[in-house]
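[1] take a look and give me a structure for this.
(one chain, ligands or ions: 1)
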Amino acid sequence: MRRFVILGRTATSSPSFSTEDLPSTSGRLDVLLRCLRAGLLVSHGVRSDTLVYLVLLGGEHAPRALRFEGKEARFLRPDERSLAILVRKVLAVPASDSFTEVRPGVSMAAGGLEVVLGDLPPGRKYLLEQGAPDIRTEILSEPEITFFIGDHLGVDASTRETLAKLGVTPAGLGPVGLHAEDAVTVVCNELDRRVLT
Ligand SMILES: C[S@@+](CC[C@H](N)C(=O)[O-])C[C@H]1O[C@@H](n2cnc3c(N)ncnc32)[C@H](O)[C@@H]1O
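    Okay, here's the model as predicted:
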């Protein structure tokens, strides 16, 4: 199973945002929604081998974490507005201490990175960072593999330290700084080429 954990330092945990103006009203939840689309949706389908976690550290209900399971998710549409409407419905529900399904394939928990870490299985874990050793030097064939990705602000120092202590490996995707959703796409493509061909 592939897992992507998107760390939203400002993305809202509250449903009170405007789907007409996501960037200004949602703490840049739009960045995370594009990562969700890139990780989970392909042309005419959903990746059934993938889970995407969104860590929401902004807004009045923070921290909250959302988990999207490709195998179970229904009615996921690729446009940002539809995904925002889905997330708004999920965020309108009270969050439990552990991941609880709110919509088919979409679960929510009260908590941030720690609640996601508690949900991850053993297996290789990478923190994507510009300038880190190239991911192409890694084998990437493990059955359980997780990637941590920053938002528009990148990953803060204390989170980097936490992940380093847990043995998470920094990995780079080449010399150019990418948008977070493009980083997800590059990793998906790298895995597809190695595992599916
Ligand atoms: C828009 S970038 C963050 C930019 C931010 N100014 C910074 O310096 O961290 C969002 C995320 O995409 C990933 N990313 C972007 N370019 C990358 C690269 N060349 N290699 C690995 N990860 C990358 C990282 O996880 C990063 O935190």
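
[2] okay, how far is it across stretch 9-19, tip to tip?
    One end of stretch 9-19 to the other measures 19 Å (Cα to Cα, to the nearest Å).

[3] so is it next to the ligand?
    No: figure legend: stretch 9-19 not in contact with the ligand (Cβ under 6 Å from any ligand atom); closest approach 9.9 Å. (Each C-beta comes from the backbone N, C-alpha and C, glycine too.)

[4] all strands for this structure, in order.
    2-12, 41-42, 45-46, 50-58, 64-69, 100-103, 106-110, 124-128, 145-150, 169-171 (DSSP state E).

[5] turn these into TSV, including mean neighbour count and mean pLDDT.
    Converted to TSV, the strands of the chain look like this (neighbours: other Cβ atoms under 10 Å; pLDDT from 0 to 100):
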stretch	mean neighbour count	mean pLDDT
strand 2-12	25	98
strand 41-42	16	97
strand 45-46	14	96
strand 50-58	25	98
strand 64-69	24	98
strand 100-103	16	98
strand 106-110	22	98
strand 124-128	21	98
strand 145-150	23	98
strand 169-171	18	98
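
[6] turn those strands into JSON lines, columns for distance to Phe75.
    Output for the strands of the chain, formatted as JSON lines (distance: least, Cβ to Cβ, whole Å):
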{"stretch": "strand 2-12", "distance to Phe75": "20"}
{"stretch": "strand 41-42", "distance to Phe75": "12"}
{"stretch": "strand 45-46", "distance to Phe75": "10"}
{"stretch": "strand 50-58", "distance to Phe75": "16"}
{"stretch": "strand 64-69", "distance to Phe75": "12"}
{"stretch": "strand 100-103", "distance to Phe75": "8"}
{"stretch": "strand 106-110", "distance to Phe75": "10"}
{"stretch": "strand 124-128", "distance to Phe75": "29"}
{"stretch": "strand 145-150", "distance to Phe75": "25"}
{"stretch": "strand 169-171", "distance to Phe75": "33"}
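
[7] contact residues of this structure facing the ligand?
    128-130, 149-150, 152-155, 172-174, 176-180, 183.

[8] repeat that with 8 Å
    7, 31, 127-132, 135, 148-155, 171-180, 182-183 (Cβ under 8 Å from any ligand atom).

[9] of these, just the buried ones, PyMOL syntax please.
    Filtering those down to the buried ones (16 or more other Cβ atoms under 10 Å) takes a single PyMOL command:
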select buried, resi 7+31+127+128+129+135+148+149+150+151+154+155+171+172+173+180+183
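
[10] for Arg74, give me its contacts.
    Arg103, Pro104, Gly105 (Cβ atoms under 8 Å, 6 or more residues apart in numbering).
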